[in-house]
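A.B. asks: need coordinates for the below:
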Amino acid sequence: MATSTETQTPAQTTTPLRDWLLQGRPRKRRGIPGPHAHPAATHETHRWWQVMCLTGVDYFSTLGYQPGIAALAAGLLSPIATLVLVALTLFGALPVYRRVAAESPRGEGSVAMLERLLPSWQGKLFVLVLLGFAATSWIVTMTLSAADATAHIVENPHVPSALHGHEVAITLGLLALLGAVFLKGFTEAIGVAVGVVALYLALNAVVVVVGLWHVVAAPTLTADWWSALTGQHGSPFPMVGAALVVFPALALGLSGFETGVAVMPHVQGGPDDTDEHPVGRIRDTKKLLTSAALIMSVFLIASSVITTLLIPQQEFQPGGEANGRALAYIAHELLGEGFGTAYDSITVAILWFAGASAMAGMLNLIPRYLPRYGMAPDWAHAVRPLVLVLTAVAFVVTWVFEADVDAQGGAYATGVLALITSAAIAVTLAARAAGQRALTLAFGSIAVVFVYTTAVNVVERPDGVKIAACFITAIVLVSLVSRLTRSLELRVTEVRLDAKAELFVRDCSRRKIRLVANEPDELDHLEYREKMRQIQADNDLPDDDDLVFVEVTLTDPSDFETALDVRGEILHERYRVLRTTHASVPNALAALLLHVRDETKRVPHIYFEWTEGNPLLNLLRFVFTGAGEVAPVTREVLREAEPDRTRRPRVHVG
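C.D. replies: Down below sits the predicted model:
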């Protein structure tokens with residue numbers, strides 16, 4: 001039988017500000033089941049093309065700065081290097097994330113696929129590292145996009161020149177406005193995204209078509225470009241080789257894939273979808289990823305051609321009019337100041353709103369892992385405090401990089417490439433486990449390419465690794481501190497007794513309920529006889545008193561919350577034993593005691609021996625192994641779970 005009883009906590013002092021900040025947080029549950037036993041999923045779902053626009057405010061917005069970064073990194077080779085990037089997008093990243101969508105349809109992403117491969121604390125630590133790279137990618141998406149939006153504002157000829165020199169302040173203002181949107185509530189995000197993306201792509205199509213028309217109308221532009229390119233590299237083969245060397249710097253154009261799978265729960269899917277088999281959602285998410293990749297590939301190739309051929313190289317340099325705003329430069333030059341200003345406005349909007357996509361990704365991904373690991377503070381269950389923390393981190397990153405688009409490119413690319421590389425490795429291992437040899441070879445080849453790309457990016461732009469290391473360190477430290485502070489929290493999601501265990505509990509309820517905590521060893525008659533004699537002697541209990549043994553076998557101690565299945569056994573025709581498995585011995589015992597109390601309406605007693613050894617070391621053993629100083633920790637877990645001493649199960653130690 002499963003319990004659903006909850007123990008109420010005393011009323012906490014609340015204020016209007018605190019209530020507003022913690023609005024939407026699941027009520028803290030100190031009883032059984034645990035606080036994450038039944039996570040809510042109340043978000044509205046939408047058509048796949050609408051959700052594509054939500055991810056597209058991040059992915060498509062890179063057109064605002066990608067051509068300029070490509071020109072700085074590759075120079076005249078920019079169109080060829082962009083072709084390499086597009087090939088890697090369509091034949092590398094896209095197949096990888098289509099497989100990720102099929103393997104993790106609830107928005108866990110490639111992180112969940114790799115989590116399954118590593119046991120215990122190694123797996124948890126690995127997930128924290130990946131979350132650090134994800135945070136790097138998405139935080140820098142916010143700061144880099146806001147910084148580029150600032151560049152489009154201050155470089156517009158109709159904007160007062162007094163704004164020059166105040167880029168950091170403007171960027172911070174844009175980030176604050178983005179944070180305010182999430183503090184207010186972001187229910188209309190997809191509707192806004194559809195409008196912004198549709199208008200942005202339409203204006204970009206105009207700029208690209210007009211730019212290509214100018215290139216076609218002036219054949220000397222192409223001839224001069226090719227002549228200069230052959231003068232540098234000689235023949236097409238050295239050009240391709242050089243492009244392969246420089247294209248890792250263009251990795252910003254690969255952003256958006258991880259966000260695409262992170263927002264899968266928002267995809268409507270089909271009418272026959274179930275939580276276990278969301279076939280329609282997987283199918284439509286694949287449509288989302290494919291459509292976004294194809295649209296972006298066309299724009300990347302076309303924009304690299306027109307910006308390379310129509311913009312003087314010196315304008316791409318820091319301080320140049322095309323730095324960080326290459327397509328906006330062409331819009332002003334070829335279509336006039338009126339259209340250019342309109343283009344700047346929609347570009348500012350999508351670059352600012354790109355941070356919304358990144359924020360939504362973090363708010364979706366981080367709570368899926370850290371609370372489940374017990375590695376998030378209690379307030380992390382609410383959206384608004386997490387928004388404030390993420391916005392504050394974005395402020396710091398903006399201040400450190402001085403709102404410089406070029407300076408943040410390395411950190412952004414490092415985060416993006418680390419996630420894509422981990423995804424490629426994950427799908428390779430998944431294909432291998434499924435016995436798909438051809439797919440294993442194909443995905444393995446893609447993984448090798450991404451490993452190379454990431455390595456080159458790290459060598460050439462080590463600042464990205466440095467900022468990623470800061471995020472990883474911060475996440476690991478905060479997670480461990482949170483795990484320590486929550487170690488005494490009752491974290492059993494459900495207690496289920498089999499028929500024999502229920503019979504033992506009913507029999508005991510006729511008198512004082514006495515349970516004996518026993519660490520299973522030889523399990524022979526002598527072990528139980530000596531244990532019973534010792535407990536009776538230490539606690540001055542009568543020989544004929546009714547005692548029931550309780551034994552907990554440890555499972556993975558890194559797990560934070562699990563259900564508790566208890567089975568009853570009679571050993572050696574005399575001794576009744578309640579047996580269970582759990583990640584934490586004290587938590588399992590405390591949950592069982594509370595369940596027995598609630599089912600029988602009688603306060604149970606449990607008897608322990610003192611644990612030998614240093615108490616501090618035993619406490620650390622409990623945190624990381626689930627055992628250690630069992631008796632006092634069980635008592636503390638009970639004290640946290642049941643404030644009323646008269647209803648709290650009694651703990652005896654002899």
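
A.B. asks: shaky segments in the stretch 501-650 of the chain?
C.D. replies: For the stretch 501-650 of the chain, the stretches with pLDDT under 70 are 543-545, 611-628.

A.B. asks: for it, just list every one of the strands.
C.D. replies: Shown for the stretch 501-650 of the chain, the strands assigned by DSSP state E, counting those that start in this stretch span residues 514-517, 548-554, 562-571, 575-582, 605-608, 650-653.

A.B. asks: out of the ones you listed, nearest to residue 388?
C.D. replies: Of all these, the one in closest proximity to residue 388, counting by C-beta to C-beta, is strand 562-571 (31.5 Å). Placement of C-beta: from N, CA and C, glycine included.

A.B. asks: may I have the strands that pair with the closest one, each with its orientation?
C.D. replies: The pairing partners recorded for strand 562-571 under DSSP bridges are strand 492-497 (parallel), strand 575-582 (antiparallel).

A.B. asks: turn the ones you listed into TSV, columns for distance to residue 327 and mean neighbour count.
C.D. replies: Converted to TSV, the strands paired with strand 562-571 look like this (distance: least, C-beta to C-beta, whole Å; neighbours: other C-beta atoms under 10 Å):
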stretch	distance to residue 327	mean neighbour count
strand 492-497	52	22
strand 575-582	58	21
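
A.B. asks: re earlier: how about the strands of the stretch 501-650 of the chain, which one is nearest residue 333?
C.D. replies: strand 562-571 (62.9 Å).

A.B. asks: buried set for the closest one?
C.D. replies: By 16 or more other C-beta atoms under 10 Å, the buried positions in strand 562-571 come out as 562-566, 568.

A.B. asks: next: stretch 429-446.
C.D. replies: 429-431, 439-440, 442-444, 446.

A.B. asks: again with stretch 635-642
C.D. replies: Neighbour counts over stretch 635-642 (16+ other C-beta under 10 Å) mark 635-638, 641-642 as buried.

A.B. asks: re the thing from before, looking at the strands of the stretch 501-650 of the chain, which is closest to residue 245?
C.D. replies: strand 562-571 (49.7 Å).

A.B. asks: and the two most separated of the buried residues of strand 562-571?
C.D. replies: Taking C-beta to C-beta as the measure, those span a maximum distance of 19.8 Å, between 562 and 568.

A.B. asks: circling back to that earlier point, how about JSON lines for the strands paired with strand 562-571, with distance to residue 229 added?
C.D. replies: Formatted as JSON lines, the strands paired with strand 562-571 follow (distance: least, C-beta to C-beta, whole Å):
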{"stretch": "strand 492-497", "distance to residue 229": "63"}
{"stretch": "strand 575-582", "distance to residue 229": "66"}
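
A.B. asks: of all those strands, which one is nearest residue 150?
C.D. replies: Closest among the strands paired with strand 562-571, using C-beta to C-beta: strand 492-497, at 46.9 Å.

A.B. asks: quick one: mean pLDDT over the closest one.
C.D. replies: The average pLDDT within strand 492-497 is 87.

A.B. asks: and stretch 283-300, by the same measure?
C.D. replies: Stretch 283-300 comes out at a mean pLDDT of 93.

A.B. asks: list the buried ones in it?
C.D. replies: Using 16+ other C-beta under 10 Å as the test for burial, stretch 283-300 gives 283-286, 288-290, 292-293, 295-297, 299-300.

A.B. asks: what is the nearest of these to residue 339?
C.D. replies: Ranked by distance to residue 339 (C-beta to C-beta), the buried residues of stretch 283-300 are led by residue 299 at 17.7 Å.

A.B. asks: quick check: that closest one vs residue 327, distance?
C.D. replies: Distance, residue 299 to residue 327, using C-beta to C-beta, to the nearest Å: 9 Å.

A.B. asks: overlap of the contact sets of these two?
C.D. replies: Counting by C-beta atoms under 8 Å, 6 or more residues apart in numbering, the shared contacts of residue 299 and residue 327 are 63, 204, 208.

A.B. asks: format those residues as a markdown table; extra columns: secondary structure.
C.D. replies: A markdown table is the format used below for the shared contacts of residue 299 and residue 327 (DSSP: H, G, I helix; E, B strand; the rest coil):
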| residue | secondary structure |
| --- | --- |
| 63 | helix |
| 204 | helix |
| 208 | helix |
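
A.B. asks: from those, pick the one nearest residue 464.
C.D. replies: residue 63 (21.3 Å).

A.B. asks: residues contacting that closest one?
C.D. replies: 204, 296, 299-300, 303, 327 are the contacts of residue 63 under C-beta under 8 Å, 6+ apart.

A.B. asks: in TSV, list the residues you listed along with secondary structure.
C.D. replies: Output for those, formatted as TSV (three-state DSSP):
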residue	secondary structure
204	helix
296	helix
299	helix
300	helix
303	helix
327	helix
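
A.B. asks: with distance to residue 465 added, can I get those in a markdown table?
C.D. replies: What follows is these, written out as a markdown table (distance: C-beta to C-beta, whole Å):
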| residue | distance to residue 465 |
| --- | --- |
| 204 | 32 |
| 296 | 26 |
| 299 | 30 |
| 300 | 26 |
| 303 | 29 |
| 327 | 30 |
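
A.B. asks: farthest pair within the residues you listed?
C.D. replies: Of all pairs in these, the most separated under C-beta to C-beta is 296 and 327 at 13.6 Å.

A.B. asks: that older thread, between the shared contacts of residue 299 and residue 327, which sits nearest residue 149?
C.D. replies: Closest approach to residue 149 among these (C-beta to C-beta): residue 63, at 13.0 Å.

A.B. asks: where's the closest one relative to residue 331, distance?
C.D. replies: 12 Å.

A.B. asks: same check, this time on residue 557
C.D. replies: Applying C-beta to C-beta, the value for residue 557 to residue 331 is 59 Å.

A.B. asks: same question for residue 194.
C.D. replies: 22 Å.

A.B. asks: so between the two, which is more surrounded?
C.D. replies: For residue 194 versus residue 331, the count of surrounding residues by other C-beta atoms under 10 Å is larger for residue 331: 25 against 20.

A.B. asks: could you verify my assumption that the more buried one touches residue 343?
C.D. replies: Yes - contact criterion C-beta atoms under 8 Å: residue 331 and residue 343 qualify, at 4.1 Å.

A.B. asks: give the residues shared as contacts by those two.
C.D. replies: Common contact partners of residue 331 and residue 343 (C-beta under 8 Å, 6+ apart): 203, 207.
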